[in-house]
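Q: Turn this into a model:
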Amino acid sequence: MIKRTNWLYLLGISVILVLIPVVPAHALPYVSASHYCLIDSTDGQIILARKADERRPVASTTKMMTAILAVEYCDLDE
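A: Residues are numbered from 1 along each chain as shown. Presented below is the predicted three-dimensional model:
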């Protein structure tokens with residue numbers, strides 16, 4: 001009887017382990033952008049980057065700076 005109980009416990013644990021989904025602990029997030037750079041604002045260290053050293057046109061940077069300046073210096077309730 002003890003052997004049968006041990007086998008049932010082993011079978012139950014095996015079934016539970018098979019049914020638990022396995023998720024990678026340190027999977028990189030999916031980013032659809034072809035170029036990106038994530039920087040820590042406290043120390044300036046690059047956290048995550050793709051093609052960060054490749055030269056790009058400044059159009060997107062100009063749009064972002066315009067939005068930042070508008071938020072910082074303008075009254076958005078107008």
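Q: For the chain, which segments count as helices?
A: Along the chain, the segments classed as helices by DSSP state H run 2-19, 59-73.
Q: Which one, of those helices, ends up nearest to L28?
A: If you check each of these against L28 by CB to CB, helix 59-73 wins as the nearest, at 22.2 Å. C-beta here means a position set from N, CA and C on the backbone, and glycine is covered the same way.
Q: among the helices of the chain, which is nearest H35?
A: helix 59-73 (9.3 Å).
Q: before we move on, back to that, quick one, which of the helices of the chain gets closest to Y30.
A: Nearest to Y30 among the helices of the chain is helix 59-73 (20.0 Å), distances taken as CB to CB.
Q: Make a markdown table from the helices of the chain and add distance to L38 and mean pLDDT to it.
A: A markdown table is the format used below for the helices of the chain (distance: least, CB to CB, whole Å; pLDDT from 0 to 100):
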| stretch | distance to L38 | mean pLDDT |
| --- | --- | --- |
| helix 2-19 | 35 | 84 |
| helix 59-73 | 14 | 85 |
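Q: and L38, how many neighbours?
A: By the criterion of other CB atoms under 10 Å, L38 has 13 neighbours.
Q: scratch that, I39 is what I was asking about
A: 13.
Q: which non-adjacent residue is nearest it?
A: Nearest residue to I39 in three dimensions, chain neighbours excluded: I46, at 5.6 Å (CB to CB, 6 or more residues apart in numbering).
Q: pretty sure the one you found is in contact with D53, am I right?
A: No: look at I46 against D53 with CB atoms under 8 Å: they stay out of range, at 10.5 Å.
Q: higher neighbour count, those two?
A: For I46 and D53, the more surrounded residue by other CB under 10 Å is I46, and the numbers stand at 10 against 7.
Q: contacting residues around the most centrally placed residue in the chain?
A: Centroid check for the chain by CA atoms, centre = their mean gives P29 as the closest residue, at 3.5 Å. By CB atoms under 8 Å, 6 or more residues apart in numbering, P29 lies in contact with L48.
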